[in-house]
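J.: got a predicted model here, sequence first, then my questions.
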Amino acid sequence: MSARVEHLTTSGTFSLDGQTFEVDNNVWIVGDDRECIVIDAPHDPDAITEAVAGRDVRAIVATHAHDDHIRHAPALAARVQAPVLLHPADAELWRMTHQDGAATSDLSDGQRLEVAGTELHVLHTPGHTPGSVCLYAPDLATVFTGDTLFNGGPGATGRSYSDFPTIIDSIRDKLLALPPDTRVLTGHGDSTTIGDEAPHLHEWIRRGS
């Protein structure tokens, strides 16, 4: 059985720089009836555990370490006996939420994760945070972008640990290089495609200057 993508939306809060906001987060599950990978573990470990439905969870991948993406990662990992994977450049952000420990394994640019016969290619895409990553699944013509690229433009860069020129470089060099028909499944909000977003690169640069 080939891998499929399942979608779950959870609601909660995001806190940084002394401010807290209500947010809805996308959780993506990639796999088949036997095994899966969970992409982000934000607000509701019960709902994610129910969606996993007893499958072998190969990993819980954090696209970045803002609290609305990792708040329940350790608890979920303990329930499903899976490692939490995070790029080490986000270790400081991780410790702002989980002071008592680190993620259980590091992600690196170019690393490949395999689940249900499908490879997910790790793309280090700093800018929203130093350790932001995207996961590209060529066989599924899909990239999971976390908060690096949304339907309508780049992720936010107005807070600590973020940088606008860096996120633009990441999007241009890593994401817009993917095939135009690649689905973009985001950390929040609606999906899009690389082809739909690519024509707006120069507009984003002007908007951020």
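T.: Nice, thanks for sending it over.
J.: ends of stretch 44-61, what's the gap?
T.: Chord length of stretch 44-61, first to last residue, is 16 Å (CA to CA, to the nearest Å).
J.: wait, stretch 80-100
T.: With CA to CA as the measure, what separates the two termini of stretch 80-100 is 20 Å.
J.: distance from it to the middle of the chain?
T.: 13 Å (CA atoms, centre = their mean, to the nearest Å).
J.: give the buried residues for it.
T.: If you call a residue buried by 16 or more other CB atoms under 10 Å, then stretch 80-100 has these buried ones: 80, 82, 84-87, 89-90, 93-94, 96-98. C-betas here are computed from N, CA, C, even on glycine.
J.: could you check how far the nearest residue to V30 once chain neighbours are set aside is from G54?
T.: Of all residues beyond its chain neighbours, the one nearest V30 is I37 (5.0 Å), with distances taken as CB to CB, 6 or more residues apart in numbering. Using CB to CB, to the nearest Å, I37 is found at 15 Å from G54.
J.: give me the more crowded residue out of those two.
T.: Ranked by neighbour count (other CB atoms under 10 Å), I37 and G54 place I37 first, with 25 against 10.
J.: ok, the more buried one to G158 distance?
T.: Looking at I37 against G158, where the rule is CB to CB, the gap reads 31 Å.
J.: V52 too?
T.: Counting by CB to CB - V52 and G158 are separated by 34 Å.
J.: comparing these two, which residue is more hemmed in?
T.: Applying other CB under 10 Å to V52 and G158 shows that V52 carries more neighbours, namely 22 against 7.
J.: what sits against the more buried one?
T.: Residues near V52 by CB atoms under 8 Å, 6 or more residues apart in numbering: 29, 36, 38, 80.
J.: show me the shaky parts of this protein.
T.: 1, 208-209 (pLDDT under 70).
J.: for A51, pull up the helix or strand it's in.
T.: In this assignment (DSSP states H and E), A51 forms part of helix 45-52.
J.: thought I194 was touching T145?
T.: No - using CB atoms under 8 Å, I194 is not in contact with T145, being 9.8 Å away.
J.: which parts of the protein are strands?
T.: Residue ranges of the strands in the chain, as given by DSSP state E, are 4-16, 19-31, 35-39, 56-61, 84-86, 105-106, 112-115, 118-124, 133-137, 142-146, 149-150, 153-154, 183-186, 192-193.
J.: tell me the angle the third one makes with strand 19-31.
T.: Regarding strand 35-39 and strand 19-31, their directions subtend 160 degrees when assessed with axes from the mean of the first three to the mean of the last three CA atoms, to 10 degrees.
J.: name every strand pairing with strand 35-39 and say which way it goes.
T.: Using DSSP bridges, the strands paired with strand 35-39 in its sheet are strand 19-31 (antiparallel), strand 56-61 (parallel).
J.: what residues of the longest one count as buried?
T.: Right, strand 19-31. Across strand 19-31, burial judged by 16+ other CB under 10 Å covers 23, 25-31.
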